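**Student:** no letters, just coordinates:
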């Protein structure tokens, strides 16, 4: 991020210096030219106030480092991997390989969700099973599935806790279990989908049935 920012800034600065030196070499009075350049700079600055804000936003991003190149972030309604941070904008590559350019002023002044900042993340699932299911049997079966996956961490890892499964609510057509587990950030999505598939395939083998909305109709003559 810093390399791209410095490269853009240096390119613009050297271009201005090149113009001044070239004019001086041609024998033009650079004092008058400098005054003209300063006056033009004020006019341009007034018309490009948004660009100046984006420049300041870029400086703040580099100073406070809310993210770095390679981080996966969510900001301004977009999610993607940070590829470059230039003088006035930040470029993201979305999971479907689109390029999104966000002005730095808007980016820094808004909410930034950095999914790559911390080394560990907590994965969460919600399962709806039929009424009449033994809660303790269901809980034990879920925890056994989680414990059998080496990507699931426990309290022995700093920042993580043991896998969790508890009955959380009683819905209209099902009882809801809240399931949580900790893993490394890089394992998040693979673990999420893999455990979800295993819960669907293995819980029925323990006599646990998943619920679905249904309606009983009583007809009176």
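**Tutor:** Yep, that arrived. Just so we're clear, the structure is a prediction, and the values are computed from it rather than from any experiment. Numbers count the residues shown, from 1 in each chain.
**Student:** and residue 137, which helix or strand is it part of?
**Tutor:** Mapping residue 137 onto the secondary structure by DSSP states H and E places it in helix 135-147.
**Student:** ok, and for stretch 156-168, which residues are buried?
**Tutor:** Using 16 or more other C-beta atoms under 10 Å as the burial criterion, the residues of stretch 156-168 that qualify are 160, 163, 164, 165. Where C-beta positions appear, they are placed from N, C-alpha and C, glycine not excepted.
**Student:** quick one, longest helix in the protein?
**Tutor:** Taking DSSP state H as the assignment, the helix of the chain that covers the most residues is helix 2-25.
**Student:** centroid residue for the protein?
**Tutor:** Residue closest to the mean C-alpha point of the chain, counted by C-alpha atoms, centre = their mean, is residue 73 at 2.8 Å.
**Student:** on the three-state scheme, it is what?
**Tutor:** Reducing the assignment to helix, strand or coil with DSSP: H, G, I helix; E, B strand; the rest coil, the entry for residue 73 is strand.
**Student:** okay, buried residues for the helix or strand harbouring residue 84 please.
**Tutor:** Under DSSP H and E, the secondary-structure element containing residue 84 is strand 78-85. For strand 78-85, the buried set under the neighbour-count rule, 16+ other C-beta under 10 Å, comprises 80, 81, 82, 84, 85.
**Student:** ok, of those residues, which one's closest to residue 112?
**Tutor:** When the buried residues of strand 78-85 are ranked by distance to residue 112 (C-beta to C-beta), residue 82 comes first, at 10.3 Å.
**Student:** picking up where we left off before, need the pLDDT of the residue nearest to the centre of the chain.
**Tutor:** We note a pLDDT of 96 for residue 73 in this prediction.
**Student:** wait, what's in contact with it?
**Tutor:** Contacts of residue 73 were listed using C-beta atoms under 8 Å, 6 or more residues apart in numbering, and they are 67, 79, 80, 82, 92, 112, 113, 114, 115, 116.
**Student:** make JSON lines out of those residues and add pLDDT.
**Tutor:** Putting these into JSON lines (pLDDT from 0 to 100) gives the following:
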{"residue": "67", "pLDDT": "92"}
{"residue": "79", "pLDDT": "95"}
{"residue": "80", "pLDDT": "96"}
{"residue": "82", "pLDDT": "95"}
{"residue": "92", "pLDDT": "96"}
{"residue": "112", "pLDDT": "95"}
{"residue": "113", "pLDDT": "96"}
{"residue": "114", "pLDDT": "96"}
{"residue": "115", "pLDDT": "95"}
{"residue": "116", "pLDDT": "93"}
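**Student:** just the ones of the residues you listed in strands?
**Tutor:** In strands, defined here by DSSP state E, the members of those are 79, 80, 82, 92, 112, 113, 114.
**Student:** is the last one in contact with residue 66, as I believe?
**Tutor:** Yes - contact between residue 114 and residue 66 holds when scored by C-beta atoms under 8 Å: they sit 6.4 Å apart.
**Student:** still on that earlier bit, can you give me the buried ones in the helix holding residue 137?
**Tutor:** 138, 139, 141, 142, 143, 145, 146.
**Student:** ok, which stretches of this structure are helices?
**Tutor:** 2-25, 30-47, 49-64, 104-109, 135-147, 188-202.
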